[in-house]
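# here you go, sequence then predicted model.
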Amino acid sequence: MEEYKITEKFLDDILTKTSRTLVGIVCKRFEILENKEDIKKSVKELIYENARNIKELIKSFNCGVEFKSKPKE
């Protein structure tokens, strides 16, 4: 198993950005889906997908690719 080293700031940035994105996507699913089972399946898959994305972002950061948020205008 490989060991990763990331900064606390990067971890905070990535979790803040991905959680906000996930909340927006999940809220949209609640708006467009009516069947509770469809909502449950969709939200479950979105959470797993988001976790995989976080894992890949951490791996990328560890390899020297940094996550940068847009500068505020």
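All right, it came through fine.
# per-residue confidence at V43?
Reading off the confidence values, V43 has pLDDT 93.
# and it, which helix or strand is it part of?
helix 36-62 (DSSP states H and E).
# measure the residue nearest to the spatial centre of the chain to D12 for me?
Nearest to the mean C-alpha position of the chain, by CA atoms, centre = their mean, lies T18 at 3.3 Å. Distance of T18 to D12, given as CB to CB, to the nearest Å: 11 Å. Every residue, glycine included, has its C-beta placed from N, CA and C.
# go on, Y48?
Going from Y48 to D12 by CB to CB gives 22 Å.
# count of neighbours near L15?
11 (other CB atoms under 10 Å).
# what's stretch 52-60 in contact with?
With CB atoms under 8 Å, 6 or more residues apart in numbering as the test, stretch 52-60 has contacts from Y4, I6, I14, L15, T18, F67.
# quickly find the element holding the fourth one.
This means L15. Going by DSSP H and E, L15 is in helix 8-32.
# residues of that helix that come out buried?
Going by neighbour count (16 or more other CB atoms under 10 Å), the buried part of helix 8-32 is D13, I14, T18, L22, R29.
# just the pLDDT at the fourth one, thanks.
It stands for L22. The model reports L22 with a pLDDT of 94.
# quick thing: my sequence starts at 52, can you match it?
In the new count, where the first residue is 52, that last one comes out as L73.
# and stretch 52-61, C-alpha only, in CSV?
Output of stretch 52-61 as CSV, limited to C-alpha atoms (Å, rounded to 0.1, in the frame of the first residue of the first chain):
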residue,chain,number,x,y,z
MET,A,52,0.0,0.0,0.0
GLU,A,53,1.4,3.4,-1.0
GLU,A,54,1.8,6.2,1.5
TYR,A,55,0.6,9.7,0.6
LYS,A,56,1.6,13.0,2.1
ILE,A,57,-0.7,16.0,1.6
THR,A,58,-0.9,19.4,3.3
GLU,A,59,-3.7,20.1,5.7
LYS,A,60,-4.7,23.1,3.5
PHE,A,61,-5.0,20.9,0.5
